[in-house]
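J.: fold the following and give me the result.
(one chain, ligands or ions: 3)
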Amino acid sequence: MKIILLGPPGAGKGTQAKSISNRYSIPHISTGDIFRKNISENTPLGVEAKKYIDNGQLVPDSVTIDMVKDRLQHDDCKKGYLLDGFPRTVAQAEALQEFLDSRNEKLDTALCIEVPSEFILERMTGRRVCPSCGASYHIKFNPPAVEGKCDVCGSDVIQRKDDTVDTVKERLDVYERQTQPLIDFYKDKNLLSTVDGTQAINSVFESICKVLGE
Ligand code: ADP
Ligand code: ADP
Ligand code: ZN
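T.: Residues are numbered from 1 along each chain as shown. Ligands and ions are numbered 1, 2, ... in the order given. Just a heads-up that it's a prediction; the model follows:
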């Protein structure tokens, strides 16, 4: 199964991706997580990406597309994958399409988690993440069992540097201009499915399983 997740920042893509990846035994590939790992390891890719991420801008397509193509050729992707945070521009979607075509492969679905913008600021500013395993929490809607500690691996959870009010507003703007057009891109290909992302986390997951067919 090959799935891409669409939806604004804060829609719950990362949160749902963990559950989908477990349920369907496919790797969860988050471009944001790959960039953040590179930033923490101070690699040349990380140094380049940080300039954009800290300002809420997208990392340039050339860098991002090569990184994803490389990742999709790892052995664990043979059984399928779940892309979270990619594609984010029409150029990225076209590059992914070319990559799939060249291998005679197809996407199963582009799943959009729909959440209106008025929900986003509270979700993003209350988000806490685990820097070790990438798990996502929320101080009000999904707090860890032990305050400040990741449920999965026990590391201290942190607030992302780009989850401040100003950067979130910029990211929403970027989303509307550059990523929202992908909804029509996939609708035109008859690949778009949608779920209501304003429900509780578990209910969103149930809706997703219905769409994907259990
Ligand atoms: P994305 O990957 O789309 O940016 P996340 O999965 O990191 O989004 O979720 C953003 C924030 O919203 C996190 O703090 C998460 O715990 C919280 N969240 C996710 N889904 C829901 C939901 N259905 N209801 C309330 N809060 C949610
Ligand atoms: P969120 O789910 O909260 O929007 P991500 O973790 O997916 O955040 O991404 C964090 C940042 O990493 C983005 O704001 C952007 O700067 C960069 N990024 C992630 N994916 C891409 C992509 N496909 N193209 C360009 N930049 C990206
Ligand atoms: Zn963790």
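
J.: can you map out the strands along this structure?
T.: 2-6, 28-30, 81-84, 109-114, 127-129, 136-138, 192-196 (DSSP state E).

J.: need the ones you listed in TSV (columns: mean neighbour count, mean pLDDT and distance to ligand 3).
T.: The way it works is simple: take the backbone N, C-alpha and C, and place the C-beta from them, glycine included. Listed next are the strands of the chain as TSV, based on neighbours: other Cβ atoms under 10 Å; pLDDT from 0 to 100; distance: least, Cβ to the ion, whole Å:
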stretch	mean neighbour count	mean pLDDT	distance to ligand 3
strand 2-6	24	98	20
strand 28-30	21	97	14
strand 81-84	23	98	16
strand 109-114	21	98	22
strand 127-129	21	96	9
strand 136-138	20	95	9
strand 192-196	17	98	25
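
J.: could I get those as a markdown table with distance to Glu98?
T.: Converted to a markdown table, the strands of the chain look like this (distance: least, Cβ to Cβ, whole Å):
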| stretch | distance to Glu98 |
| --- | --- |
| strand 2-6 | 15 |
| strand 28-30 | 18 |
| strand 81-84 | 15 |
| strand 109-114 | 16 |
| strand 127-129 | 32 |
| strand 136-138 | 31 |
| strand 192-196 | 19 |
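
J.: got those strands as a markdown table, with distance to ligand 1 columns?
T.: Below are the strands of the chain laid out as a markdown table (distance: least, Cβ to the nearest ligand atom, whole Å):
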| stretch | distance to ligand 1 |
| --- | --- |
| strand 2-6 | 8 |
| strand 28-30 | 8 |
| strand 81-84 | 6 |
| strand 109-114 | 7 |
| strand 127-129 | 3 |
| strand 136-138 | 3 |
| strand 192-196 | 9 |
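
J.: check contacts around the closest residue to Val195 other than its chain neighbours.
T.: Using Cβ to Cβ, 6 or more residues apart in numbering and skipping the chain neighbours, the partner closest in space to Val195 is Ser207 (4.2 Å). The contact partners of Ser207, taken as Cβ atoms under 8 Å, 6 or more residues apart in numbering, are 195-196, 199.

J.: repeat that for Ile34.
T.: Going by Cβ under 8 Å, 6+ apart, Ile34 touches 67, 71.

J.: chain neighbours aside, what residue packs nearest to Ala110?
T.: Leaving aside its chain neighbours, Ala110 sits nearest to Tyr186 (3.8 Å; criterion: Cβ to Cβ, 6+ apart).

J.: the protein: helices as residue ranges?
T.: Assigned by DSSP state H, the helices in the chain fall at 13-24, 31-40, 44-53, 61-72, 90-102, 117-125, 165-174, 181-188, 201-212.

J.: can you tell if the shortest one touches ligand 2?
T.: No: among the residues of helix 181-188, none lie within reach of ligand 2 under Cβ under 6 Å from any ligand atom; the closest is 10.6 Å away.

J.: from the contact counts, what lies against that helix?
T.: strand 2-6, helix 90-102, strand 109-114 (3 or more Cβ pairs under 8 Å, 6 or more residues apart in numbering; DSSP states H and E).
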